[in-house]
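**Q** turn this into a structure:
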Amino acid sequence: METISFIARKLCYSVPLMFGVTLISFVLMVYFGPDKTYDLLGKNPTKEEIAEVRHELGYDKPFITRYGDYLSEIVKFDFGHSDSTGERVISIFKKSVPVTVALAIPGFLFGNLIAIFLALLASYNRGKWQDKIIMIGSVVGMSISLLVVIIAFQVLFCSSYGLNMFPVQGWEVNSIWDYMKYVTVPTMSTVFVAVGYNTRFYRAVFVEEMTRDHVRTARAYGCPPLRLLFKSILKNSMIPIITRVIFTLPFIIIGGSILIESYFGIPGVGLVTFDAITSGDQPILKAVVVMTAIMYVVVLTLTDILYKTVDPRISLA
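**A** All right, here's what the predicted structure looks like:
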């Protein structure tokens with residue numbers, strides 16, 4: 001009951017956030033967005049033709065009426081048809097969202113798990129050669145652009161100039177083997193960059209935890225390293241870890257996928273968003289903004305629930 005009550009309160013608190021996001025997106029993308037009138041008319045249109053088209057598009061309606069129509073689209077999650085393809089927006093996202101999720105999950109999991117392992121190893125051996133090598137590797141990973149990594153990995157693993165082991169572009173997945181072929185190089189690119197950032201963050205968290213009295217006492221009394229790392233340090237560091245892991249989800253699914261999917265030609269949300277930006281496809285962009293806002297609200301709620309799960313002392317009140 002406490003969790004259900006908390007979720008209900010959280011949703012109530014999220015209403016102002018959603019209202020602000022929808023209002024800003026409406027003003028920038030719809031009210032002051034591109035005028036489609038002259039795209040639909042030929043050369044030298046008459047005033048009557050212009051007025052007729054503007055009426056059909058709803059441009060002559062008052063601000064509050066148009067904003068109400070926009071909110072209605074959001075509630076129904078019906079943004080009409082794509083300006084570029086004519087396909088229904090909801091149909092486009094039904095096809096693209098599963099592709100993006102399938103593409104992002106391996107990189108997200110491996111990027112965090114590898115980083116946590118390296119950060120534990122570095123923090124336990126703070127100041128030693130293991131720590132220095134891991135930190136140097138992290139800095140290298142952070143300093144290289146994701147685009148450079150994608151190009152390098154594609155040349156190395158996908159082209160005739162390298163190993164030529166994986167497809168260069170596309171997403172024709174009919175089996176687990178096909179999935180492995182298409183997801184491997186994008187996953188390696190994501191992990192290469194993500195591990196650097198994540199390792200430095202997690203190491204800082206673990207180093208701070210190792211300064212606690214109970215950890216230093218356990219180490220002084222000869223507590224086995226694995227027990228110390230996983231039972232004392234990792235367990236007590238779960239709050240900042242959960243915060244980072246959960247809050248990176250929306251940015252990975254929307255932001256990171258744009259670059260990877262557009263470069264590898266993978267038909268996910270990222271490629272759909274990229275094409276919508278370049279073509280000015282307003283219905284698609286409206287749906288992306290709303291999806292991002294909804295994901296952010298879900299992430300806020302999920303984070304607080306997980307806090308309570310890993311630390312019962314935290315209240316959901």
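**Q** tell me where the model's unsure across the stretch 1-150 of the chain.
**A** For the stretch 1-150 of the chain, the stretches with pLDDT under 70 are 1-14, 42.
**Q** where along it do the helices fall?
**A** 2-25, 37-40, 47-57, 63-76, 89-124, 129-143, 146-158 (DSSP state H, counting those that start in this stretch).
**Q** if I look at residue 151, how far off is residue 240?
**A** Taking C-beta to C-beta, to the nearest Å as the measure, residue 151 falls 33 Å from residue 240. (Glycine included, C-beta is placed from N, CA and C.)
**Q** again, but for residue 113
**A** 16 Å.
**Q** then residue 291?
**A** On the measure of C-beta to C-beta, residue 291 and residue 240 end up 27 Å apart.
**Q** what about these two, which has more around it?
**A** Per other C-beta atoms under 10 Å, whichever of residue 291 and residue 240 has more neighbours is residue 291, with 18 against 15.
**Q** for the helix or strand where that one lies, name the packing helices and strands.
**A** According to DSSP states H and E, residue 291 maps onto helix 282-310. The helices and strands touching helix 282-310, judged by 3 or more C-beta pairs under 8 Å, 6 or more residues apart in numbering; DSSP states H and E, are helix 2-25, helix 63-76, helix 89-124, helix 238-250, helix 269-279.
**Q** tell me the mean pLDDT for the shortest one?
**A** Averaging pLDDT along helix 269-279 yields 86.
**Q** that helix: which residues count as buried?
**A** Going by neighbour count (16 or more other C-beta atoms under 10 Å), the buried part of helix 269-279 is 269, 270, 271, 272, 273, 274, 275, 276.
**Q** low-confidence regions, the stretch 201-317 of the chain specifically.
**A** 253-256, 311-317.
**Q** closest to residue 283 out of the helices of the stretch 1-150 of the chain?
**A** Distance to residue 283, taken as C-beta to C-beta, is lowest for helix 89-124 among those, at 5.0 Å.
**Q** please consider this matter closed, and thank you.
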